[in-house]
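>>> predicted structure and sequence below. I'll ask about it afterward.
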Number of protein chains: 2
Amino acid sequence: MSGKNKRRMKDVIYDEYLGRIRRGEITDEDRLVDTAVAEEFNVSRMPVRDALMRLVHEGYLASSTRGFTLPKLEPRQILEIFELRRLLEPRAAALATYELTEENLAEMARAVDRSESTITSGDVEMLYRASEDIRRIWVMAVPNISLRDTILRYIVQIQAVRMATLPDAQAHRVLVGFHRKMHTAFSSRRGADVELLILRFVLAGEESYHRVTNTSPLTAAPLLTGP
Amino acid sequence: MSGKNKRRMKDVIYDEYLGRIRRGEITDEDRLVDTAVAEEFNVSRMPVRDALMRLVHEGYLASSTRGFTLPKLEPRQILEIFELRRLLEPRAAALATYELTEENLAEMARAVDRSESTITSGDVEMLYRASEDIRRIWVMAVPNISLRDTILRYIVQIQAVRMATLPDAQAHRVLVGFHRKMHTAFSSRRGADVELLILRFVLAGEESYHRVTNTSPLTAAPLLTGP
DNA sequence: AGCGTAGAAACCGTATACAGTTAAGGGGGC
DNA sequence: GCCCCCTTAACTGTATACGGTTTCTACGCT
């Protein structure tokens, strides 16, 4: 009856687990095994393997000889991805500025309210979800689909950075401050303002990460060894 | 004996076909069928399917109900990827500047010579390969591995753009001119110069593509509809 | 002769089975 | 009691088989 009959199980499983990963429902301790997932969906291992292997190749999972787990990013890789985000996200957000609907902005405003409430409540879990919602709203509005898809891949890095920085009170306050400013900037419909703000946001995230983990910026070395 | 015994067939097949695609050995007309590839390697369909599906998910191939083929990019997608390249490649090339060895530069110089020789010979095939070599040399020197991998994915778009623009004499001359300038800039070890040159290079490629295909820039519309 | 339709062929998705590899855990030796 | 080795279980990779879907083709109808 419905047009969904042609949907392949491997795609269903892929979508389901990508959603779980993006919603943070898979934790570091979870070990995904194809036979177990196969049982969950009442299918054989093959479509499960297809789905999980795809998630591995896209960087959302890591495969080992003992099941699939969330990848644990090396600090080096986290810093590398900060550079990519610095290059892509300001422009992407500027493009999204002109696409966000009033409903999108209203939803973002509610998420910002939730974010601010965590300053007093200290509810890191809620901050985490609010942060996720705000990001999702604007990223989904990016009209350049290739650019949007590229940005969506950094979710693992972003979750790792949140895990590392959010327990830190200073990073928490900085993040909440940015959330309010983001809503203001997107609401103003001024792409140039949004672009600059998002650049500052990524740089602030990088700085928080460096402070919390005591690492130093990636590019210092190569730039200093230049002529 | 050799440490390669643990290499999985699916990885061997993946590497082999990724290489063939990158070297342009797969043409638009080719139709890859898993059973045929399986026969070529004397294995079953499964590792072949794994390899080909992976190439599909990474954008190097497209799957249809009738075998796997090179993806034919929509003009829209080609323009989207130009935007990504504009954002990433200048910085990536600047970072690569400090990593290129003297041998790299010498190899690039030889490729530039070959490129220039095609102005008189009109050998588009050689121009194609020289262009590929020059790009490969500097991209492989990008020290940020995540950034390098992201850039390497655009090979399909780049090949499509070359196919569309290289028969055009003006685009041909512009490209060769850039090749010489690139070698000069990389040799100078001045990242800032390289960054600007590569930005100009991507913009020139975009312009050639627009001119040849009679399309208009992607971002005109959203920017103009802004405040 | 052209178009529609039915059958066949090609190819993909999924199931089941087996082999190979790796890590864990228990038992034995030091 | 601790460490090492061997067994065993768990999990991945590959093979084979079958069913479903889509495209091609040939035949018949108009």
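Received, thanks.

>>> ok, and the closest non-adjacent residue to the residue nearest the centre of chain A?
Closest residue to the average C-alpha location of chain A: residue A:155 at 2.9 Å, with CA atoms, centre = their mean. Using CB to CB, 6 or more residues apart in numbering or on different chains and skipping residues adjacent in sequence, the residue nearest residue A:155 is residue A:22, 5.6 Å away. Heads up, the C-betas are built off the backbone N, CA and C, glycines and all.

>>> is it correct that the one you found is in contact with residue A:154?
No - using CB atoms under 8 Å, residue A:22 is not in contact with residue A:154, being 11.2 Å away.

>>> surely the residue nearest to the centre of chain A and residue A:60 touch.
Yes - assessed by CB under 8 Å, residue A:155 is found in contact with residue A:60 at 7.4 Å.

>>> okay, and the common contacts of the two?
Residues touching both residue A:155 and residue A:60 by CB atoms under 8 Å, 6 or more residues apart in numbering or on different chains: residue A:21.

>>> before we move on, back to that, so residue A:22 and residue A:154 - more neighbours on which side?
Neighbour count, other CB atoms under 10 Å in any protein chain shown: between residue A:22 and residue A:154, residue A:154 has more, with 22 against 16.

>>> how near is that one to residue A:11?
Note on residue A:154: its distance to residue A:11, by CB to CB, to the nearest Å, is 23 Å.

>>> residue numbers of chain A in contact with DNA strand C?
Contacts of chain A with DNA strand C, taken as CB under 7 Å from any atom of the strand, map to A:8-10, A:38, A:43-47, A:50, A:64-66.

>>> out of those residues, which end up buried?
Buried members of the residues of chain A next to DNA strand C, counted by 16 or more other CB atoms under 10 Å in any protein chain shown: A:9, A:10, A:38, A:47, A:50.

>>> any idea which element the third one lies in?
Counting by DSSP states H and E, the element that carries residue A:38 is helix A:34-41.

>>> now render the residues of chain A next to DNA strand C as TSV, adding distance to residue B:135, secondary structure and pLDDT.
Below are these laid out as TSV (distance: CB to CB, whole Å; DSSP: H, G, I helix; E, B strand; the rest coil; pLDDT from 0 to 100):
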residue	distance to residue B:135	secondary structure	pLDDT
A:8	36	coil	87
A:9	40	helix	91
A:10	34	helix	91
A:38	43	helix	91
A:43	43	coil	93
A:44	43	coil	92
A:45	40	helix	91
A:46	38	helix	93
A:47	38	helix	94
A:50	32	helix	93
A:64	35	strand	84
A:65	37	coil	82
A:66	40	coil	84
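
>>> the helices in chain A, which residues?
A:9-22, A:34-41, A:45-57, A:75-97, A:102-121, A:124-140, A:145-152, A:155-165, A:169-188, A:191-213, A:220-224 (DSSP state H).

>>> need these in TSV (columns: distance to residue B:214).
Formatted as TSV, the helices of chain A follow (distance: least, CB to CB, whole Å):
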stretch	distance to residue B:214
helix A:9-22	37
helix A:34-41	48
helix A:45-57	37
helix A:75-97	24
helix A:102-121	34
helix A:124-140	31
helix A:145-152	22
helix A:155-165	38
helix A:169-188	35
helix A:191-213	27
helix A:220-224	41
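
>>> winner for burial among those?
Per residue and on average, the most neighbours among those fall to helix A:75-97, with a mean of 22 (mean count of other CB atoms under 10 Å in any protein chain shown).

>>> now it: mean pLDDT?
Mean pLDDT, helix A:75-97: 96.

>>> so, in contact with chain B or not, that helix?
Yes - against chain B, helix A:75-97 shows contacts by CB under 8 Å from any CB of the partner chain at A:77, A:80, A:81, A:83, A:84, A:87, A:88, A:91, A:95, A:97.

>>> that concludes my questions; thank you for your assistance.
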